[in-house]
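Chemist: Could you work out the structure for the sequence below:
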Amino acid sequence: MSVSLLLMAAVALTAAVAAPRVLTAAAWPDREPVLALWVWQCLVATVLLCCLTSLVLSASAVFHTVRVRVFAPAPPSVTRAYDLTAAPPWTTALALLLAGGAAWTTAMLARELTEAHRRGRARRAHLRERAPELPAGLPASRGPLLVLEEEYPDAWWMPGHPPRLVVTTGALRRLTGRQLDAIHAHELGHARARHDWLLHLSQALAAGFPGIPLFTHFRDQTHRLVELSADDTASRRCGHLTTALALIELNQHRGVLSCATPRPLLHQRVERLLDPPPRLPRTHRRGTTTAAALAPLLPLLIAFAPALTTLTA
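Modeler: Next up is the predicted model:
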């Protein structure tokens, strides 16, 4: 069992420290943001599975009740293969540390989801106050578009039942019909890919474990890559130039065209839309997708290796 725990620690350290440095230094994620998001998710899943399987093995070695429940369906030869009774002294400390980490992760996720729900309710209540009142006798609008009387140009997606694209009158005066379609496609791309859940997960992990490079980079890169991914969705439907012009019209007052803009991501997005980079070759995309998908299987393979060796002998 000690060998399995050490191997899983090595895999977790590689995925949590070395891999993020390589991925953040690479240039290809800007060309394939969806693929890059998949790789980041697989790295996070690998680390979490390493911790989970290590927790199960160490708790099985320390606590007899856990051991009985985990290995109850297994034949005695499998239990002997793990050599749980000969666990080193540090196994108890490891089990308690991982159990505390699991509880803390759950608490951070619960807090993030609760805060997101509270912010959503407050924002919807604010929208109800700002939405113009309709004349008496007209039904309340339940369409996919909600227009607010506001000089400030803005547009965003509001989840709910039904979900809506919220647009201010200032944005409508600036945008053409085709540009408005691009904004709708952009926000719809966020909604269909469930980017909000990905952002909540990355924020919870980074807030709970700020000292782990993987989780910090995961949060920062997720915020950037989801926007690039939604830009690609809009540009495929409405064209790169139309999407870029819509982005400029909505953010021109923020200095999006200035090199000294305080929001450099906007500048990068506009440049990327005006001069779109070529996609990676299909074989490269398939290879990266497969390699990333196999990474979370490593801790499972390490955890089940003694049992598989015994059963196939």
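Chemist: Can you give me the buried ones in stretch 151-167?
Modeler: 153, 155, 157-158, 164-167 (16 or more other C-beta atoms under 10 Å). The way it works is simple: take the backbone N, C-alpha and C, and place the C-beta from them, glycine included.
Chemist: swap that for stretch 233-243, please
Modeler: Buried residues in stretch 233-243, counting neighbours by 16+ other C-beta under 10 Å, are found at 233-235, 237-238, 240, 242-243.
Chemist: about what we covered before: same list, the buried residues of stretch 151-167, but as TSV with secondary structure, distance to Leu23 and pLDDT please.
Modeler: Below are the buried residues of stretch 151-167 laid out as TSV (DSSP: H, G, I helix; E, B strand; the rest coil; distance: C-beta to C-beta, whole Å; pLDDT from 0 to 100):
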residue	secondary structure	distance to Leu23	pLDDT
Pro153	coil	35	87
Ala155	strand	31	86
Trp157	strand	28	84
Met158	strand	32	82
Arg164	strand	35	79
Leu165	strand	33	84
Val166	strand	34	86
Val167	strand	36	87
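Chemist: Show me which of the buried residues of stretch 233-243 is closest to Leu298.
Modeler: Nearest to Leu298 among the buried residues of stretch 233-243: Thr233, at 32.0 Å, using C-beta to C-beta.
Chemist: Take the buried residues of stretch 151-167 and lay them out in JSON lines including distance to Trp38.
Modeler: Putting the buried residues of stretch 151-167 into JSON lines (distance: C-beta to C-beta, whole Å) gives the following:
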{"residue": "Pro153", "distance to Trp38": "33"}
{"residue": "Ala155", "distance to Trp38": "28"}
{"residue": "Trp157", "distance to Trp38": "22"}
{"residue": "Met158", "distance to Trp38": "27"}
{"residue": "Arg164", "distance to Trp38": "29"}
{"residue": "Leu165", "distance to Trp38": "27"}
{"residue": "Val166", "distance to Trp38": "29"}
{"residue": "Val167", "distance to Trp38": "31"}
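Chemist: Quick one: mean pLDDT over the longest helix along the chain.
Modeler: Longest helix in the chain, counting residues (DSSP state H): helix 90-130. Helix 90-130 shows a mean pLDDT of 89.
Chemist: so Val167 touches Leu148, yeah?
Modeler: Yes - between Val167 and Leu148 there is a contact under C-beta atoms under 8 Å: 7.3 Å.
Chemist: in the protein, which residue is closest to the centre?
Modeler: When C-alpha atoms, centre = their mean is applied to the chain, the residue found nearest the centroid is Leu198 (3.0 Å).
Chemist: Which helix or which strand is home to that one?
Modeler: Using DSSP states H and E, Leu198 maps to helix 195-208.
Chemist: CA-only coordinates of that helix in PDB, if you can.
Modeler: Backbone C-alpha positions of helix 195-208 (Å, rounded to 0.1, in the frame of the first residue of the first chain) are rendered in PDB as follows:
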ATOM      1  CA  HIS A 195     -19.500  27.900 -18.100                       C
ATOM      2  CA  ASP A 196     -21.000  29.200 -14.900                       C
ATOM      3  CA  TRP A 197     -20.600  25.900 -13.100                       C
ATOM      4  CA  LEU A 198     -17.000  25.700 -14.300                       C
ATOM      5  CA  LEU A 199     -16.300  29.200 -13.000                       C
ATOM      6  CA  HIS A 200     -17.900  28.300  -9.600                       C
ATOM      7  CA  LEU A 201     -15.700  25.200  -9.300                       C
ATOM      8  CA  SER A 202     -12.500  27.000 -10.200                       C
ATOM      9  CA  GLN A 203     -13.300  29.900  -7.800                       C
ATOM     10  CA  ALA A 204     -14.100  27.500  -4.900                       C
ATOM     11  CA  LEU A 205     -10.900  25.400  -5.300                       C
ATOM     12  CA  ALA A 206      -8.700  28.500  -5.700                       C
ATOM     13  CA  ALA A 207     -10.300  30.100  -2.600                       C
ATOM     14  CA  GLY A 208     -10.000  26.900  -0.500                       C
END
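Chemist: tell me the mean pLDDT for that helix?
Modeler: For helix 195-208, mean pLDDT is 94.
Chemist: Not counting its neighbours along the chain, what's nearest the residue nearest to the centre of the chain?
Modeler: Distances taken as C-beta to C-beta, 6 or more residues apart in numbering put Thr222 closest to Leu198, at 5.7 Å, once the chain neighbours are dropped.
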